[in-house]
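**Q** This is the structure alone, sequence omitted:
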């Protein structure tokens, strides 16, 4: 998952019992197949090279079974930590707020929801019969990944679709060492969490 051609697209599978999606780049090349293990007390996600699931690239696992302020660690097939993402509990009540850490557990990047009102409107209108079917087209939240100095690196935005199944990642500028993988793994986990919350 390096030297990527942006924009990237995350597209969820609808016809499966598991919570999984495919990540592709601008040329249509499959970058990863992400599969969340269901019915587990502790969240665990496996990132494969493609839908055949023959080659595991990374594993993402929560440090606790309650995810309000859980930390999700990224490891490679050798079990080495390559980074982690943590949801900022109370700060995420109104607007989604996550922090991404590097392999040395040092703060590296910040992920923030751009407009919390979109989530509120989506939730409220989603409760109305029939109208709730169209919220996936009307309300499309976006998230900005930035460095601690405020430099914006990428944006993740939900695309108009039923069931919130398509997301696009656009790049604002060049990556620093190791950022590319940490950002993608962090956004993959964050999207699974945010979709579950509505």
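**A** Noted; the coordinates are in hand. Everything numeric in this text was worked out from a predicted model, so none of it was measured.

**Q** Assess the claim that residue 46 and residue 61 are in contact.
**A** No - Residue 46 is beyond contact range of residue 61, at 9.5 Å (criterion: Cβ atoms under 8 Å). Every residue, glycine included, has its C-beta placed from N, CA and C.

**Q** buried residues in stretch 155-162?
**A** 155, 156, 157, 158 (16 or more other Cβ atoms under 10 Å).

**Q** Turn those into a markdown table, including pLDDT and secondary structure.
**A** Formatted as a markdown table, the buried residues of stretch 155-162 follow (pLDDT from 0 to 100; DSSP: H, G, I helix; E, B strand; the rest coil):
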| residue | pLDDT | secondary structure |
| --- | --- | --- |
| 155 | 97 | strand |
| 156 | 96 | strand |
| 157 | 92 | strand |
| 158 | 88 | strand |
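
**Q** can you give me the strands for the protein?
**A** 8-12, 19-24, 30-36, 44-48, 56-62, 71-75, 81-87, 97-101, 107-113, 142-146, 152-158, 166-171 (DSSP state E).

**Q** Turn those strands into CSV, columns for distance to residue 177.
**A** Below are these laid out as CSV (distance: least, Cβ to Cβ, whole Å):
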stretch, distance to residue 177
strand 8-12, 20
strand 19-24, 21
strand 30-36, 19
strand 44-48, 20
strand 56-62, 17
strand 71-75, 16
strand 81-87, 12
strand 97-101, 14
strand 107-113, 10
strand 142-146, 16
strand 152-158, 13
strand 166-171, 16
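
**Q** Any idea which of those strands gets closest to residue 182?
**A** Nearest of these to residue 182, taken as Cβ to Cβ: strand 81-87 at 4.0 Å.

**Q** For the chain, give me the ranges with low pLDDT.
**A** Within the chain, the ranges that satisfy pLDDT under 70 run 1-2, 15-17, 40-41, 65-69, 89-94, 116-139, 162-164, 196-198.

**Q** quick one, longest helix in it?
**A** helix 179-197 (DSSP state H).

**Q** That one relative to strand 30-36, how many degrees between them?
**A** Put simply, helix 179-197 runs at 40 degrees to strand 30-36, going by axes from the mean of the first three to the mean of the last three Cα atoms, to 10 degrees.

**Q** Just the buried residues of helix 179-197, please?
**A** 179-195.

**Q** Now stretch 149-156: buried residues?
**A** 153, 154, 155, 156.
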